[in-house]
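Asks: take a look and give me a structure for this.
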Amino acid sequence: MSYALHAALDDCQADKAVRAVVIQGIGKAFCAGQDLQEVTDPEGPLLSSIVRDHYNPIIEKIRNLDKPVIAAVNGVAAGAGANIALACDVVIARESASFIQAFSKIGLIPDSGGTFFLPRLIGFQRASALMMLGDKVSAADAQNMGMIYKAVPDDDFDSVIESIASKLAGMPTKGLAFTKKALNYSMQNSLSSQLALEEQLQTKAGSTYDYNEGVTAFLEKRKPDFKGE
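Replies: Take a look at the predicted model:
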């Protein structure tokens, strides 16, 4: 399944018709994390291989995708599943969904970018506690602590996902890709380096079709027709 997700993300990157991407689980869970029977199988892959070859490429592909990625968390997101969701650009969860850093319960550490993203989203102390205690976090609490963008009523979930995905797909996605790149670098840059990067990316954004269309539409008092170019 991880390799299928790799391929799907690559296809989304290559296909110009794709303007926004939604990652969603089917069934009760968004993603329950690693299959423990697989890692205890003497013939199964090593933990190092699972992290290096299966999970890490997913996180890198999500962050490097030149299009907005929505995590539609339809149920429990546990372990690596929780951290795959947190790597996405926008996280929407059903109110009945939950998030859990389950690693400590079996003596492992959070992987799939968990130790990178979670402290930045909710703060070092709270992230440390959730990772060590393995507490389950409701979607509402996840929203309140800034872990996710929004928790929505279960009955409204599908329509909200469709609405947000459609809105993002209709926006100037070239500019959104530059925004995403700036956010990626902000995790490591100094202020001076980030200001220089903003100048560089703003110059590129200002040369796009969508920028010209957006300004022209504003001046002409009409709705812009963005093409992601």
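Asks: doesn't residue 131 make contact with residue 119?
Replies: No. The pair residue 119 / residue 131 is not scored as a contact, 9.1 Å apart, by Cβ atoms under 8 Å. All C-beta atoms are positioned from the backbone trio N, CA, C, and that covers glycine.
Asks: who's more crowded, the two?
Replies: Between residue 119 and residue 131, counting by other Cβ atoms under 10 Å, residue 131 is the more crowded of the two (19 against 15).
Asks: all the strands of the protein, residue numbers only.
Replies: 21-24, 29-31, 69-73, 76-78, 90-94, 98-100, 136-138, 150-152 (DSSP state E).
Asks: mean neighbour count and mean pLDDT for those - can I get that in TSV?
Replies: Below are these laid out as TSV (neighbours: other Cβ atoms under 10 Å; pLDDT from 0 to 100):
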stretch	mean neighbour count	mean pLDDT
strand 21-24	20	98
strand 29-31	23	95
strand 69-73	25	98
strand 76-78	25	97
strand 90-94	24	98
strand 98-100	23	97
strand 136-138	17	97
strand 150-152	18	98
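Asks: break this protein into its domains for me.
Replies: 2-169, 173-219 (automatic domain parsing).
Asks: out of those, deepest packed?
Replies: Mean neighbours per residue, mean count of other Cβ atoms under 10 Å, is largest over those for domain 2-169, with a mean of 17.
Asks: can you get me the start-to-end distance on that one?
Replies: 25 Å (Cα to Cα, to the nearest Å).
Asks: then stretch 42-58?
Replies: Criterion Cα to Cα; first-to-last residue distance in stretch 42-58 is 25 Å.
Asks: pLDDT wise, what is the spatially most central residue of the chain at?
Replies: The centre of the chain sits closest to residue 88, judged by Cα atoms, centre = their mean, with a distance of 0.4 Å. According to the prediction, residue 88 has pLDDT 98.
Asks: how about the nearest residue to it, chain neighbours excluded?
Replies: residue 71 (3.8 Å; Cβ to Cβ, 6 or more residues apart in numbering).
Asks: so where do the helices sit in this structure?
Replies: Using DSSP state H, the helices of the chain run over 2-14, 36-40, 47-49, 56-64, 80-86, 114-122, 124-133, 139-144, 157-169, 173-186, 191-205, 209-219.
Asks: mean confidence score for the fourth one?
Replies: For helix 56-64, mean pLDDT rounds to 97.
Asks: now do that helix against helix 173-186, angle only.
Replies: 120 degrees (axes from the mean of the first three to the mean of the last three Cα atoms, to 10 degrees).
Asks: tell me the contacts of residue 157?
Replies: Going by Cβ atoms under 8 Å, 6 or more residues apart in numbering, residue 157 touches 72, 74, 92, 94.
Asks: which two among those are spaced furthest apart?
Replies: Farthest-apart pair in those is 74 and 92; separation 9.5 Å (Cβ to Cβ).
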